[in-house]
Structures are given as structure tokens and as C-alpha cells.
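Novice: requesting a structural model of the entry that follows:
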Amino acid sequence: MLVRDLRLLSPSPASPVSIRLRDEVIAEIGADLVPSPGEEVLEAGGALAVPGLWDHHVHVGQTAQGYARLDTSGLASVDEVLREVASAIASRPAGAEALIGFGHRLVDMAGDPTVAGLDAVAGELPVVLIGGDAHHAWMSSAALRALGLPPRRGIVAEDEWFDAVAHLDDLPGVAAHLEAGVGKLQENALARGIVGLTDMEWADNASLWARREARIRVRTATYASGLDGVPGPTGTPIGGSGLVTMGPLKVIADGSLGSRSAYCRHPYAFSGEAGAHPLGGGYGVLSHMADDLAALLARADARGLEVAVHAIGDAAAAVVLDALEEAAAGRENGGVGGRRGGPRIEHAQLLADEDVARMAALGVLASVQPAHLLDDRDPTEEVWPGDAQRSYRFRDLLDAGVDLLMGSDSPVAPVDPWLALSAAVHRSADGREAWFPAQQLQPLEALAASTDGAGVRPVVEAHADLVLLEDPVDGEGPGLFTDVPRGADGVFVESAAREAAARLREVRPLATIVDGRIAFSR
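Specialist: As a prediction, the model looks like this:
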């Protein structure tokens, strides 16, 4: 395929070029390329071309199921949730499939989510209400029984929930929504310019994707329970599409802010409201997988797998970095394997200064989700009041030499890279000024963190993955990726950062090209 009349990002508006895509790579870039006999030609009309975007952290199954789930996000109390559940049940046929909800957050919800309270409206219907951070679920007694869980007073959280979530498909009617949702997820991702994602679902992802029709690139993560059955090292092809490969070993080291379970050096500030039960003595919880993390990392290394370790609290990040240092020492002393893409800390939400430096020294990547800070701003100030300034340290990480990978953690945030870019640039979801503006990123820096290491300009021999965008590069106004000016204090000018973020949030790509083929156009 020859894509003609394109512009590329450069220090100043460039002359139009053409890009030839051949054998799944960018074969040529030049101003005077002419079509070969029989070659497909796409006239781009002066569009801006950037490398295809990636979402580096998606729970595909949970996102796919979300199209058929009850939305409980934004509900401010247990009573509001129960009213929504009662209304949803009343509108369904008797004896219908299980009711699954998603979205509420303990830090935002007043009241005590009890099994008895949910049973009062659910009766014998299995109801599972998944928290918006995906680290807990509020279940009815019927759901607990169906999933083989013992009776309890309140929620199912952390390790117990992660074991249970893999069996949600056992509930009546749930599995039927999955594959249709996977197709819709891919369509929506392509429409946003996403050419690839890392599937972090709690499932046998390699086997599932071997049977699916992949329209985007997918890296399939595994968890420790599936480690011995992976098809090969990271990068091993899966299925016949050429788009799916084996991804990392995913390990969860701690909980989350939204469930008050991220493992921290300092205790949470609790307001004393009903249901605010301090976990881990008020410091959050460390997963049982962290008990012998170095040994688990060595097992992954022996199988040639990259590792992606979830750590949200600063104490959890320190534990993870200790294990990564130990694993690195093991390789230096004769251990097998070797790092293929760099270990990743997923989220890296709360970090001490010394651990930012350690990440850089160890070559640890930060897989971050900027859109989360839009929801976490107020809860962070409430439960980590003395530590809020150490949250979402994008600028500090980048300046220290840590590579950033951006994503959504969908369904926690939407599969929308433009929302993530805008959040990284401005760090505000409302009329307030940016939250800790010293941590803002320039639009080009945010873009570079979203292209899977492909930079911000297409280059020869790179994957034939492109996104075509409308962009005022002819002097009609600031471009999408124009640097935000800084004030005398060294931080971004507030009004300019807000405007830049607004431009990014409104982006809707003209076309998305995956593996040399048009996968989406409008």
C-alpha cells in the first residue's frame, strides 16, 4: 500500500510525503514515491501520520463483558447502589441470567456494603458488583455460593477476588456476552487509533486469543497459575493472524487506592465512616505473591518471559524493586535467561524519591494510567494527605530516565489513549488547576509513551502501523503536539495546558492502519 500526501511531526511544518507499506513494515518514506503496478493507494489529504498507539494494560474479558454490565460508577452511597440493582432486577425477565455490575469505589461510597443488604434486593439471583478498581466485589449470597466462596458479612477482595474472577463465566448467562464484547472492544480501540494492547485478564489469554479473530496486535499476559503452560517466551507467535504474541508474566503485589488496600509506608487516613475498615492494619495489604517474588521472577526469566508487577503503594514498589534487584543479581551470578524488554511496574502510583532512582538504575519501565489521576485526585488527598505529592510522578520518572508506557487498565478507565494523553498533559478533570503541575508532560512526551517504543514519527523498517490525524500544522493554530509554554516558575502555563489537553481529548482519528491494512477509517 502507498499512503500519499501525509505530513510527519517535525520541528516545523514539513512538506507532504508518501509512505510505502510492504511486507508488514514501512518500506519507504519520501516526497516523490509513485505507485507500483497494482499497488493499493490511499490518499491521505494532508493528514498527520504518527505511529500506531498502544494501550499497555487492558483486562480484555472484563472490558468486553462491561458492554452488558450494570454501571455503578459515580454512585455515592450503598443505598444508591441498592436502588440501581433493584431497578435493574425489576426490568429483567424472571429467572434471568446473573447480574454483574461494575464501577463503584469504596473511597467514594458512603455506607457499608454488606451481603445481607444486597440479598434484600437480589433474593436468590446471583449478583456481583465489581469495584471500579477491579480489586474487590460486593456479592449476593447466591453469587458467593455459585462461585464456591464461603459466607461472609462484606466484600470479597484482593487475592480471594482474583481467584474468583476467573470463574465469573460459570454464572448463568455471563459467557454469552464475552466474544461479542471482544469484537466491540477491538472496533472501539481501532477507532481511537490503537493498534495494539497488552491483555492482562485473569484468564488463559493465550488459548483464548489463539481462537479469536484478532484485528489489532495483542500481547497475552499470564499469571503465576498459568506460568508452566505458556506457549513460549515473550514474543512467541500465537494463532495464525500474525498479530498475537505471548506477553509478560503479570504479578499483583498489593491492592489499590480505591479499595484502600494499596500497601503503603504510612497508614491511611480514615474518616471513621461505616464500612471504612482498615486493611492490613491501615497500611493496605501485600499480596501473598509478594512473599517469594524473587523466586517467581526467576521462574519467569527461565521461560524467557518479561515481567509486569502491579504495585500501587510506595511500600509495595519498594518490595518489588528489592525482588527485581535480587533477580538481576541472580542473572549476574549465573542465572538463566535475561531481560528482554525490561521489567515493568504496573501503575507505580505512589513512589518514594529513592525508588524513582532505583527504577531508573534497574531499567524498570513504568506502565502508568494517567486517566486514573482524574478520579483519584480527591481520594488521594483524603486518605494519603501527607503523601499526595508523590502520586503519579510522570515528570520525575521521565527526568530520572525511566521509560513510560501509557495505558488505561480498562475497564477501570476507558480504552481511549487521547483521554490518557490529555490527563498526562493537564492533570485535571474539572475547572480546578492542574494537580501537582510540576508532574505534567508535554504532548509529544505523552505521545511517545503511547507508541510502544516507536517514537513519534514513522520510520523505515518499523511495523506498518499508522494513525492518520487531522492537525493544524499549517499555522492555523497550535498543533495537537505543540509544546505547552512554561511560566516563570518553570511549570506549564495553566491556560495553555488546559487548552492543549482539550485539543487532545477531542481527537478522533481519520484512519488506523494495522500491519499494512486499513483497519478503521471515517
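Novice: wait, residue 66 sits on residue 180?
Specialist: No - in this structure, residue 66 is not within contact of residue 180 by CB atoms under 8 Å, at 12.0 Å. No exception for glycine: its C-beta is placed from N, CA and C like everyone else's.
Novice: among those two, which residue is more densely surrounded?
Specialist: Neighbour comparison, residue 66 and residue 180: the larger count goes to residue 66, with 23 against 13 (by other CB atoms under 10 Å).
Novice: any weak-confidence spans in the stretch 201-350 of the chain?
Specialist: 270-281, 331-341 (pLDDT under 70).
Novice: break down it into its helices, ranges please.
Specialist: 205-211, 293-302, 314-332 (DSSP state H, counting those that start in this stretch).
Novice: packing partners for the shortest one?
Specialist: Where contact means 3 or more CB pairs under 8 Å, 6 or more residues apart in numbering; DSSP states H and E, helix 205-211 is packed against strand 217-222, strand 244-252.
Novice: try it again with 7 Å
Specialist: Under the contact definition 3 or more CB pairs under 7 Å, 6 or more residues apart in numbering; DSSP states H and E, helix 205-211 sits against strand 217-222.
Novice: secondary structure element holding residue 420?
Specialist: If you go by DSSP states H and E, residue 420 is part of helix 417-426.
Novice: may I have the helix or strand following that helix as CSV, with CA atoms only?
Specialist: Per DSSP H and E, the first helix or strand lying C-terminal to helix 417-426 is helix 443-448. What follows is helix 443-448 as a C-alpha-only set of coordinates in CSV (Å, rounded to 0.1, in the frame of the first residue of the first chain):
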residue,chain,number,x,y,z
PRO,A,443,2.1,16.4,24.4
LEU,A,444,5.0,14.9,22.4
GLU,A,445,6.3,13.1,25.6
ALA,A,446,2.8,11.7,26.2
LEU,A,447,2.6,10.6,22.6
ALA,A,448,6.0,8.8,22.8
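Novice: buried ones in helix 443-448, by neighbour count?
Specialist: Buried residues in helix 443-448, counted by 16 or more other CB atoms under 10 Å: 443, 445-448.
Novice: same question, stretch 286-303
Specialist: For stretch 286-303, the neighbour count (16+ other CB under 10 Å) marks 286-287, 289-290, 293-294, 296-298, 300-301, 303 as buried.
Novice: buried residues in stretch 83-98?
Specialist: Of the residues in stretch 83-98, 84-85, 88-89, 97-98 count as buried by neighbour count, 16+ other CB under 10 Å.
Novice: of all the residues you listed, which two lie farthest apart?
Specialist: Greatest spacing in the buried residues of stretch 83-98, by CB to CB: 84 and 97 (17.3 Å).
Novice: element containing residue 4?
Specialist: Counting by DSSP H and E, residue 4 is part of strand 2-8.
Novice: re the thing from before, now, the buried residues of stretch 83-98 that are in strands?
Specialist: With strands defined by DSSP state E, no entry of these lies inside them.
Novice: and which of these is nearest to residue 504?
Specialist: Nearest to residue 504 among the buried residues of stretch 83-98: residue 84, at 32.4 Å, using CB to CB.
Novice: help me confirm that residue 27 is found in a strand?
Specialist: Yes - counting by DSSP: H, G, I helix; E, B strand; the rest coil, residue 27 is located in a strand.
Novice: that one: neighbouring residues, count only.
Specialist: Residues near residue 27, counting by other CB under 10 Å, number 17.
Novice: what's near enough to touch it?
Specialist: Residues in contact with residue 27 (CB atoms under 7 Å, 6 or more residues apart in numbering) are 20-21, 460.
Novice: same question, residue 288
Specialist: Residues in contact with residue 288 (CB under 7 Å, 6+ apart) are residue 159.
Novice: can you spell out which helices and strands pack onto the strand holding residue 4?
Specialist: So strand 2-8, by 3+ CB pairs under 7 Å, 6+ apart, packs with strand 17-22, strand 41-51.
Novice: which of the buried residues of stretch 83-98 has the weakest pLDDT?
Specialist: pLDDT is lowest at residue 97 among the buried residues of stretch 83-98; the value there is 87.
Novice: where along the stretch 151-300 of the chain do the strands fall?
Specialist: 156-157, 194-199, 217-222, 244-252 (DSSP state E, counting those that start in this stretch).
Novice: show residues contacting the second one.
Specialist: Surrounding strand 194-199, the residues in contact under the criterion CB under 7 Å, 6+ apart are 52-58, 60, 189, 205, 216-221, 247, 415, 417, 452, 465, 512, 514.
Novice: tell me what angle that strand forms with strand 217-222.
Specialist: Orientation note: strand 194-199 sits at an angle of 10 degrees relative to strand 217-222 (axes from the mean of the first three to the mean of the last three CA atoms, to 10 degrees).
Novice: buried set for strand 194-199?
Specialist: 194-199.
Novice: what about stretch 509-518, start to end distance?
Specialist: 12 Å (CA to CA, to the nearest Å).
Novice: work out the gap between it and the centre of the chain.
Specialist: With CA atoms, centre = their mean, to the nearest Å as the basis, stretch 509-518 stands 22 Å off its chain's centre.
Novice: contacting residues around it?
Specialist: 1, 21, 24, 42, 47, 52, 190, 192-193, 195, 216-217, 242-243, 464-470, 519-522.
Novice: show me which of those residues are buried.
Specialist: Buried among these (16+ other CB under 10 Å): 1, 21, 42, 47, 52, 190, 192-193, 195, 216-217, 243, 464-469, 519-520.
Novice: now the helices of the stretch 201-350 of the chain as CSV including distance to residue 380?
Specialist: Conversion of these to CSV gives the following (distance: least, CB to CB, whole Å):
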stretch, distance to residue 380
helix 205-211, 31
helix 293-302, 26
helix 314-332, 12
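Novice: quick one, which of those helices is nearest to residue 252?
Specialist: helix 314-332 (9.5 Å).
Novice: measure how that closest one sits relative to strand 244-252, angle-wise.
Specialist: 120 degrees.
Novice: what does helix 314-332 rub up against?
Specialist: 253-254, 262-265, 286, 290, 293-294, 297-298, 301, 309, 311, 337-338, 343, 345, 348, 350-352, 355, 358-359, 362, 364, 390.
Novice: for stretch 498-506, same thing?
Specialist: Contacts for stretch 498-506 (CB under 7 Å, 6+ apart): 418-419, 421-422, 425-426, 443, 480, 484.
Novice: in it, what counts as buried?
Specialist: Buried-residue list, stretch 498-506, by 16+ other CB under 10 Å: 498-501, 503-505.
Novice: what average pLDDT does that stretch get?
Specialist: 97.
Novice: next: stretch 427-447.
Specialist: 97.
Novice: buried sites along that stretch?
Specialist: Per 16+ other CB under 10 Å, stretch 427-447 contains these buried residues: 427-429, 434-437, 439-443, 445-447.
Novice: also stretch 388-407?
Specialist: Neighbour-count burial for stretch 388-407 flags 388, 390-398, 400, 402-407 (criterion: 16+ other CB under 10 Å).
Novice: re earlier: need the max-distance pair from the buried residues of strand 194-199.
Specialist: The widest separation within those (CB to CB) is 14.3 Å, between 195 and 199.
Novice: and residue 444, how far from residue 38?
Specialist: 37 Å (CB to CB, to the nearest Å).
Novice: and residue 484, by the same measure?
Specialist: Distance check for residue 484 against residue 38: by CB to CB, it reads 46 Å.
Novice: okay, those two: which has more neighbours?
Specialist: More crowded of residue 484 and residue 38, by other CB under 10 Å: residue 484, with 22 against 5.
Novice: quick check: that one touching residue 442?
Specialist: Yes - using CB atoms under 7 Å as the test, residue 484 is close enough to residue 442 to be in contact (6.1 Å).
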